[in-house]
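Enquirer: My questions concern the predicted model and sequence given below.
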Amino acid sequence: MGAEYKLYREHPMEHYKFIQNTECEYFPCHKTDKPEDFNCLFCYCPLYCLGDKCGGNFKFTESGIKSCVDCLRPHIRENYSEITGQLGDVMKLIEKDKSDNL
């Protein structure tokens with residue numbers, strides 16, 4: 001392995017897991033006691049399509065719409081690995097949808 005790999009192993013990158021856009025008109029878009037730790041990386045939750053299997057704090061409105069207004073799961077700094085760990089479930093859902101529409 002080259003010098004770049006050695007450098008990565010000695011100093012692994014972590015900054016890509018967290019981003020804030022404090023200039024956003026909606027920041028923070030959910031109530032939080034820790035705005036300094038509010039992660040905007042998943043501004044639109046990639047797990048929304050999993051419905052009741054997303055693992056978040058959601059409710060269904062009277063009209064059947066999934067509301068995530070009280071959910072902070074994708075916005076918590078430490079949850080990056082949990083969120084990306086479920087992307088395989090999203091991909092399976094996409095593949096199922098593709099095969100159902102053939």
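Expert: That came through, no problem.
Enquirer: quick one: what helix or strand has Ser63 in it?
Expert: According to DSSP states H and E, Ser63 maps onto no helix or strand at all.
Enquirer: What about the nearest residue to Leu47 once chain neighbours are set aside, how many residues nearby?
Expert: For Leu47, ignoring the flanking residues on the chain, the nearest one in space by C-beta to C-beta, 6 or more residues apart in numbering is Cys54 at 4.0 Å. For glycine as for every other residue, the C-beta is placed from the backbone atoms N, C-alpha and C. Neighbours of Cys54 under the rule other C-beta atoms under 10 Å: 22.
Enquirer: and if you look at the one 3 residues further on?
Expert: Asn57 is surrounded by 12 other residues when neighbours are defined as other C-beta under 10 Å.
Enquirer: before we move on, what SS does it have?
Expert: coil (DSSP: H, G, I helix; E, B strand; the rest coil).
Enquirer: Give me the neighbour count for Tyr48.
Expert: 16.
Enquirer: Quick one: mean pLDDT over the longest helix seen in the chain.
Expert: Ranked by residue count, the top helix of the chain under DSSP state H comes out as helix 87-100. Helix 87-100 carries an average pLDDT of 92.
Enquirer: Would you pull up how far that helix lies from the middle of the chain?
Expert: 17 Å (C-alpha atoms, centre = their mean, to the nearest Å).
Enquirer: If you count neighbours, what's buried in that helix?
Expert: For helix 87-100, burial by neighbour count (16 or more other C-beta atoms under 10 Å) applies to no residue.
Enquirer: How about stretch 31-42?
Expert: So for stretch 31-42, counting by 16+ other C-beta under 10 Å, buried means Phe38, Asn39, Cys40, Leu41, Phe42.
Enquirer: mind giving me JSON lines with those and columns for secondary structure and distance to Thr61?
Expert: JSON lines is the format used below for those (DSSP: H, G, I helix; E, B strand; the rest coil; distance: C-beta to C-beta, whole Å):
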{"residue": "Phe38", "secondary structure": "strand", "distance to Thr61": "24"}
{"residue": "Asn39", "secondary structure": "coil", "distance to Thr61": "25"}
{"residue": "Cys40", "secondary structure": "coil", "distance to Thr61": "24"}
{"residue": "Leu41", "secondary structure": "coil", "distance to Thr61": "26"}
{"residue": "Phe42", "secondary structure": "coil", "distance to Thr61": "22"}
